[in-house]
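Participant: With the sequence up front, the predicted model follows.
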Number of protein chains: 2
Amino acid sequence: MYFGESMKIYERIRELSRKYGLRNEEKMILGTDGSVTNLLEILFEGDVIVKTINQKIVDDVNYRTVILEVNDIPLVYATSKTPFKNIEHGLRESIKRDLLSADIPIGRILKMHNLETRREIIDIDVKEVDKEVRKLLKTDRKILPQRTYNIIHNNKILMQITEIFNVGEHL
Amino acid sequence: MYFGESMKIYERIRELSRKYGLRNEEKMILGTDGSVTNLLEILFEGDVIVKTINQKIVDDVNYRTVILEVNDIPLVYATSKTPFKNIEHGLRESIKRDLLSADIPIGRILKMHNLETRREIIDIDVKEVDKEVRKLLKTDRKILPQRTYNIIHNNKILMQITEIFNVGEHL
């Protein structure tokens, strides 16, 4: 999927919404180029808490799976890939440490360190999720909204993130 | 107003929402650190069009007042201040031209040029707007949600923007 002149973000979301029915809040979270953490905190009126499900390093890439919760409600299942080579140069040690640490939401890390970035959305979809994801999100819904995007800093991909949202049933 | 540990963005918005009643979509637009243009396009399913009300240069600062519309509905009254000295160095000519031009929404300019930035929210409020603003937004509402924020690039303020939203009555 490429977003630009050929397919705009709002057109993709409109298409998915007509097919699957999405609430406005879900559409906005799916399409934002800002912090999802921030929007979840505004919607659910509490701090986002990160629960780490899994973390491993393979071929100099840090893979992490987390659940984002607000007020004990699991709202997002997120997986991230952080290639070490892109954070080796030009980032302060404290930022690297936070990026690889397990318990701070990425939106908060960028903000704490005043990092200038852009988010490049690669894919937005509504599709089936596997049993483990449903269990972690405590839902029976078999298809959920999801998206994949890159966080870019100094023209390098700091992190690629895929988020699966179970927000609609808690609004 | 300073947002950080002392007062979080979601706490400020919760406070305003209890007092004035805000819809979720309004809260998200008020608090996002991403592109407002993008969120308006997702919500109202159309391209944001910029109508320039006013533009002047005083003491090397470019002042601009615009209305953002989607599908002929005026949704945002926005004023911006762009100090020339901060865009003189380090920005390509094409970006400067777009930043000072009258008809491209800022969110789209940043995206077109792959500009890495951060948004720093200074103030969020719900308060009285004057007659001219109400007229341009085609509303009788005397108090409206609004916010002021800086768009920062290379640690300099590219633009300070104040947005007054009349989104709620069109949802």
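Facilitator: All right, it came through fine.

Participant: Return the residues of chain A in contact with chain B.
Facilitator: Taking C-beta under 8 Å from any C-beta of the partner chain as the contact definition, chain A meets chain B at A:8-10, A:13-14, A:24-25, A:27-28, A:30-35, A:38-39, A:41-43, A:45-47, A:107, A:110-111, A:114-119, A:152-155, A:171. Glycine gets a C-beta too; all of them are placed from N, C-alpha and C.

Participant: Tell me the buried residues within these.
Facilitator: A:8-10, A:13-14, A:24-25, A:27-28, A:30-35, A:38-39, A:41-43, A:46, A:107, A:110-111, A:115-119, A:152-153 (16 or more other C-beta atoms under 10 Å in any protein chain shown).

Participant: Excluding sequence neighbours, find me the nearest residue to A:Lys81.
Facilitator: A:Gln160 (4.7 Å; C-beta to C-beta, 6 or more residues apart in numbering or on different chains).

Participant: So that neighbour is in contact with A:Arg64, correct?
Facilitator: No. If you go by C-beta atoms under 8 Å, A:Gln160 and A:Arg64 don't touch, sitting 11.2 Å apart.

Participant: Between the two, which contacts overlap?
Facilitator: Common contact partners of A:Gln160 and A:Arg64 (C-beta atoms under 8 Å, 6 or more residues apart in numbering or on different chains): A:Ser80.

Participant: So for the two, which residue has more residues nearby?
Facilitator: A:Arg64 (23 against 17; other C-beta atoms under 10 Å in any protein chain shown).

Participant: you'd agree that one is in a strand?
Facilitator: Yes. According to DSSP: H, G, I helix; E, B strand; the rest coil, A:Arg64 belongs to a strand.

Participant: That one and chain B: what is the separation?
Facilitator: For A:Arg64, the distance to chain B (C-beta to the nearest C-beta, to the nearest Å) stands at 22 Å.

Participant: Report the contact partners of that residue.
Facilitator: A:Thr52, A:Asn54, A:Gln55, A:Thr79, A:Ser80, A:Thr82, A:Ala102.

Participant: The same query, at a cut-off of 10 Å, please.
Facilitator: By C-beta atoms under 10 Å, 6 or more residues apart in numbering or on different chains, the contact list for A:Arg64 reads A:50, A:52-57, A:78-82, A:99-102, A:106, A:159, A:161.

Participant: now swap in A:Ser35 and tell me
Facilitator: A:41, A:48, A:105-108, A:110-111, A:119, B:9, B:31-34, B:119.

Participant: Low-confidence stretches in chain A?
Facilitator: Within chain A, the stretches with pLDDT under 70 are A:1-2, A:4-5.

Participant: what are the ranges of the strands in it?
Facilitator: A:48-58, A:61-70, A:73-83, A:118-128, A:143-153, A:156-165 (DSSP state E).

Participant: Look up phi and psi at the closest residue to chain B within chain A.
Facilitator: In chain A, the residue that lies nearest chain B is A:Gly34 (2.1 Å; C-beta to the nearest C-beta). With angles defined as degrees, to the nearest 10, A:Gly34 sits at phi -110, psi -170.

Participant: That one: what's it in contact with?
Facilitator: So A:Gly34 contacts A:28, A:107, A:119, B:28, B:31-36, B:38-39, B:107, B:118-119 (C-beta under 10 Å, 6+ apart).

Participant: try A:Glu11
Facilitator: A:Phe3, B:Glu41, B:Ile42, B:Glu45, B:Gly46.

Participant: Kindly report the same for A:Ile73.
Facilitator: Neighbour list for A:Ile73: A:Leu40, A:Phe44, A:Gly46, A:Leu137, A:Lys138, A:Asn166, A:Val167, A:Glu169, A:His170 [criterion: C-beta under 10 Å, 6+ apart].

Participant: Swap in 7 Å and give it another go.
Facilitator: A:Phe44, A:His170 (C-beta atoms under 7 Å, 6 or more residues apart in numbering or on different chains).

Participant: can you give me the angle the helix ranked longest in chain A makes with strand B:61-70?
Facilitator: Looking across chain A with DSSP state H, the single longest helix is helix A:9-20. On the basis of axes from the mean of the first three to the mean of the last three C-alpha atoms, to 10 degrees, helix A:9-20 is oriented at 20 degrees to strand B:61-70.
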